[in-house]
Structures are given as C-alpha cells and as structure tokens.
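Undergrad: Below are the sequence and a predicted model; questions follow.
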Amino acid sequence: MDIKQYINDKPFLKELFQDFTETDIEKIDVMYYANDMIIIRRKASSNYVYLIISGICGIFNELDNGELSCYYKISSYDVIGLSEVLVENDVRYANIQTLTNVVALKINKLDLKKWMVKYPDFYNKIMHNIINRLHDTLRSHIECKKYSTHINVVSYLIYSYNLYKKIYGKNYKGNVKINETRNMISDFIGISIRSTNNSVERLKDENLVTVKLGKIYINYEQYKKLVEYKEKALM
C-alpha cells in the first residue's frame, strides 16, 4: 500500500495527518523491513526519522565487553530518530533493529521540523503517544525486575505477550511468538540463562507456555493463566 492507503486504513494515522496538505503527504515514503534488519546503525547519521506503523523494533546498545544488549523496545506509532531532531544531533547512539517484520513511514528530518510548527496537533499527538508509551514501558520494566527470579520471568513473558500481540491484530487469540532468545531474556532481567531455562520449563510443564524449536509461544488462554499465576504467587 502507498501512504494514502495506509492513512485511510488506520484510524490513528487518519487522525494524525488530518490537517496535512496533499503535497506534504506525498513527501512521506512507506518502508518495509524484514525481521532482524538494522534500520539505523550505532554511530551512524541519518537524514530521516521513521514512524513505525506496524511491527516491533529493539534498541541495541554496546556494553563495555563489546556485546550488544536490547534494553528497550518500540512499536506502533513510536518514532525512530525524533530525539536527534529535538536536540539537533544526527548521530545515533544505538542500533535500531527489527524484532519482527516492520512497516514504517520515512520522513525527512527537515520536513518534520517544519511540520512540528505548521501542524501543532500532529506534533502534540506524537509526543503524547511517546510519553504514554514510555511510562507504560518503564512500569513494565520495573515489574520484570521487582520479584523473585521465577516471577520476574513470568512478568517478562506477560509484558512480551502484550507487546508482540499488537502485530497479530486486536481479536487474535492464537499463538503469539516471543521473539527474544533466552540470552536476551536473561540479560534484561539480570539472571543466568540456566535460571531462565528452568522457569520456562516449569511454565511449559504447567501448560502456561508452548515451546517449539526453542522458541516460546503464548496463546490468549495461556496469557490469562499466566496473569492469574502471577497474582496468586504475589498474594
């Protein structure tokens, strides 16, 4: 689909771009990225920002030992590169890499700066969405590190289900693939891979998750049971 089709198809985009002229709309490109692709490399500069309209990306930073760690995830209607526009810094300090297939709107930074003034409602809606997402994400991150090792893994899987379910559609109740590796889960929570594996095995034995070829899947019924499982554990 082209940009006009996406705007007509998605209510949020229709509202976001409702004041835009035809000429400005035509300056926006629709980009498609496969899973595990780098959109922007660390220390690279870019003349564009990217508004995600479907899919999940991870922000990967390099640790002192040279390993890359995913410390934050962004999804629909988050903007890649907005902070560089606001502080007028073209250098990206982390890799932005897709964790699923991603569709994004590619916008020239110079155009975005003009539109922030020309279309204040557009800018306010973007900032409002980003701030709300940041608050929700920070709360989820705290939930994943506050309790016992096992319940932290449960919290992480609940958070990940809610994140990845977005790419399947509102009423989808089938298996949702949790794309992170056990290493990524362990690094995020701050536990050993052995602890992560033990927790996943416990949950699999109780039919709270499904494991296929090493990957974790959670369906809607399992998700509800995971939430109940956590609530009972914290009583």
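TA: Good, I have the coordinates.

Undergrad: Pretty sure L51 sits in a strand.
TA: Yes. Assessed by DSSP: H, G, I helix; E, B strand; the rest coil, L51 belongs to a strand.

Undergrad: so how far is I25 from it?
TA: 13 Å (C-beta to C-beta, to the nearest Å). Bear in mind the C-beta positions are built from the backbone N, C-alpha and C, glycine included.

Undergrad: One more: Y229?
TA: Applying C-beta to C-beta to Y229 and I25 gives a distance of 47 Å.

Undergrad: Just the residues contacting stretch 153-160, thanks.
TA: 140, 143-144, 146-147, 178, 180, 185, 188-189, 191, 195-196, 199-200, 203, 209, 216, 218, 223, 226-227, 229-230, 233 (C-beta atoms under 8 Å, 6 or more residues apart in numbering).

Undergrad: Residue ranges of each domain in this structure, please.
TA: 3-136, 144-233 (automatic domain parsing).

Undergrad: between these, which has the poorest average model confidence?
TA: Lowest mean pLDDT within those: domain 3-136, a mean of 88.

Undergrad: that older thread, looking at Y229 and I25, which one has more neighbours?
TA: The neighbour comparison of Y229 against I25 (other C-beta atoms under 10 Å) goes to Y229, with 17 against 13.

Undergrad: Show me the helices in this structure, by range?
TA: According to DSSP state H, the chain carries its helices in the segments 3-9, 11-16, 22-25, 82-87, 109-118, 120-143, 149-164, 182-189, 193-205, 220-233.

Undergrad: Can you point out the buried residues in the fourth one?
TA: The neighbour-count check on helix 82-87 (16 or more other C-beta atoms under 10 Å) flags L82, E84, V85 as buried.

Undergrad: Check which helices and strands it is in contact with.
TA: Other elements packing on helix 82-87 under the criterion 3 or more C-beta pairs under 8 Å, 6 or more residues apart in numbering; DSSP states H and E are strand 48-54, helix 109-118.

Undergrad: from these, which stretch is densest packed?
TA: The highest mean neighbour count among the helices and strands packed on helix 82-87, using mean count of other C-beta atoms under 10 Å, belongs to strand 48-54: a mean of 21.

Undergrad: so what strands line up beside that one?
TA: When pairing is defined by DSSP bridges, strand 48-54 lines up against strand 79-80 (antiparallel), strand 102-108 (antiparallel).

Undergrad: how about the helices and strands packed on helix 82-87, which one is nearest G66?
TA: strand 48-54 (26.8 Å; C-beta to C-beta).

Undergrad: and the closest one with helix 109-118, angle?
TA: Calculated by axes from the mean of the first three to the mean of the last three C-alpha atoms, to 10 degrees, strand 48-54 forms an angle of 70 degrees with helix 109-118.

Undergrad: by how many degrees do strand 48-54 and helix 120-143 diverge?
TA: On the basis of the same axes, to 10 degrees, strand 48-54 is oriented at 70 degrees to helix 120-143.

Undergrad: can I get the CA coordinates of strand 48-54 in PDB?
TA: Extracted in PDB, the C-alpha atoms of strand 48-54 (Å, rounded to 0.1, in the frame of the first residue of the first chain):
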ATOM      1  CA  TYR A  48      15.300  10.700   8.200                       C
ATOM      2  CA  VAL A  49      13.000   9.700  11.100                       C
ATOM      3  CA  TYR A  50      10.800   6.600  10.900                       C
ATOM      4  CA  LEU A  51       7.300   6.400  12.300                       C
ATOM      5  CA  ILE A  52       6.500   2.700  13.000                       C
ATOM      6  CA  ILE A  53       3.000   1.800  11.900                       C
ATOM      7  CA  SER A  54       3.300  -2.000  12.500                       C
END
